[in-house]
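K.L.:
Here is a sequence with its predicted model. Questions after.
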Amino acid sequence: MTPDLLEQGARRIEQRRAALEASKANTESGGRNAGIGRIATPGEVDVTHGRILYLEDVSVSFDGFKAINKLSLDIAPGELRCIIGPNGAGKTTMMDIITGKTRPDEGTVFFGSTIDLLRHTEPQIAQLGIGRKFQKPTVFEQLTVFENLELALKTNKGVKSSMFFRLDSEQSDRLAETLVTIHLADSVSRMAGNLSHGQKQWLEIGMLLMQDPKLLLLDEPVAGMTDEETARTAELFLSLKGKHSLMVVEHDMSFIKTISEIVTVLCDGSVLAQGTLDQVQADERVIEVYLGR
Ligand SMILES: Nc1ncnc2c1ncn2[C@@H]1O[C@H](COP(=O)(O)OP(=O)(O)O)[C@@H](O)[C@H]1O
Ligand SMILES: [Mg+2]
């Protein structure tokens, strides 16, 4: 072979390699193998490895301060995981990372075993099926309960024109079911602004449920609720467990006691302890961080 033929061949091989790399980068897993002998279905969360959420060695610094420090944690499909920890432990920042609001400096964040969340934007992550409830309720006060839930559907799944939007039968069923779940079936036409604080929180959870999320992240959901509202919220979460996976950050220990299976204690940006509530509450290191502050 002449040198120019050799060169041409080498160039062609390089082009093919580059094209292969580019096509890999377009997949959700970024070209990582989904696993031997399995085909990842687009749009489906692959939980065959028994995890819906997987964080490994995640770190993020703000002005040199490590808010999240080599955090590793995973959640099983259908699990209701409670996260506790002193103020500043990094609980909200962890949720910011999962939902794409904050990018970590390093680490791995996967939704199922094939979706690399660090390759997705905040709206894409919501579309993939991760719903988030912030501390403050953010319902539309001037709209009715029904309209709020309807709106949550319209803003989802790229419905082109909300002007011509009509609920299909599956959506109507989900709306009716959600109203019962969030204890607002008898308040359908009430203005959201006139609901109690607890009811507003439930309505917002209902708005998330309208989008049928696979994973729900809830940051201090019972803060400011009455005891009765807190008890009903515990019931609500227990009814969601199994159908959805939930990650609940809360300070209210009696609430945690009612709903929890596994509790993860976060401190200084990483996991300090994990186990049943009784186990973590008996842990010397946990006692120390709570008493020491
Ligand atoms: N955007 C930010 N810029 C600078 N510091 C931040 C930012 N977000 C969080 N922090 C800091 O990171 C630490 C963890 O905060 P946060 O995740 O809100 O804790 P928690 O929710 O457990 O109370 C705190 O010290 C907080 O001040
Ligand atoms: Mg917080």
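P.N.:
Received it, and whenever you're ready, just let me know what you need. Ligands and ions are numbered 1, 2, ... in the order given.
K.L.:
What separation do you get for the residue in the stretch 151-293 of the chain that ligand 2 sits nearest to and Asp46?
P.N.:
Going by CB to the ion, ligand 2 is nearest to Asp219 of the stretch 151-293 of the chain, at 6.0 Å. Where C-beta positions appear, they are placed from N, C-alpha and C, glycine not excepted. For Asp219, the distance to Asp46 (CB to CB, to the nearest Å) stands at 27 Å.
K.L.:
What number of residues are in the vicinity of the residue in the chain positioned nearest to ligand 2?
P.N.:
Closest approach between the chain and ligand 2, counting by CB to the ion: Thr92, at 3.3 Å. Thr92 has 19 neighbouring residues, counting by other CB atoms under 10 Å.
K.L.:
Just confirm it is within a strand.
P.N.:
No: counting by DSSP: H, G, I helix; E, B strand; the rest coil, Thr92 falls outside a strand, being helix.
K.L.:
Begin at 267 from now on, thanks
P.N.:
Shifting the count to begin at 267 puts that one at Thr358.
K.L.:
Would you confirm that it contacts Gly535?
P.N.:
No: between Thr358 and Gly535 there is no contact under CB atoms under 8 Å: 11.6 Å.
K.L.:
Spell out which parts of the protein neighbour ligand 1.
P.N.:
Within the chain, the positions adjacent to ligand 1 are 328, 333, 351, 353-359 by CB under 6 Å from any ligand atom.
K.L.:
List only those of those residues flagged as buried.
P.N.:
By neighbour count, with 16 or more other CB atoms under 10 Å, the residues of the chain next to ligand 1 hold 333, 351, 355-359 as buried.
K.L.:
Quick check: the farthest pair among those residues?
P.N.:
Within those, Ala333 and Gly351 form the most distant pair, 12.2 Å apart (CB to CB).
K.L.:
what about Asn335, neighbour count?
P.N.:
16.
K.L.:
who's in contact with it?
P.N.:
Neighbouring residues of Asn335 by CB atoms under 8 Å, 6 or more residues apart in numbering: 325, 356, 534-536.
K.L.:
Which residue is the nearest non-sequential neighbour of it?
P.N.:
In this structure, Asn335 finds its nearest non-sequential neighbour in Gly535, 3.7 Å apart by CB to CB, 6 or more residues apart in numbering.
K.L.:
And for His517?
P.N.:
Glu486 (6.7 Å).
K.L.:
got a list of what the one you found touches?
P.N.:
Glu486 makes contact with 401, 515-517 under the criterion CB under 8 Å, 6+ apart.
K.L.:
for ligand 2, what are the nearby residues on the stretch 267-416 of the chain?
P.N.:
357-358 (CB under 5 Å from the ion).
K.L.:
which residue ranges form the strands in the stretch 267-416 of the chain?
P.N.:
Ranges of strands within the stretch 267-416 of the chain are 319-328, 331-341, 346-350, 372-377, 381-382, 396-399, based on DSSP state E, counting those that start in this stretch.
K.L.:
Run me through the strand neighbours of the first one, direction for each.
P.N.:
Yep, that's strand 319-328 we're talking about. strand 331-341 (antiparallel), strand 372-377 (antiparallel) (DSSP bridges).
K.L.:
and it, which residues are buried?
P.N.:
By 16+ other CB under 10 Å, the buried positions in strand 319-328 come out as 319-321, 324-326.
K.L.:
What is the nearest of the residues you listed to Val454?
P.N.:
Nearest member of the buried residues of strand 319-328 to Val454, counting by CB to CB, is Leu319, at 33.6 Å.
K.L.:
how about low-confidence regions in the stretch 367-516 of the chain?
P.N.:
421-431 (pLDDT under 70).
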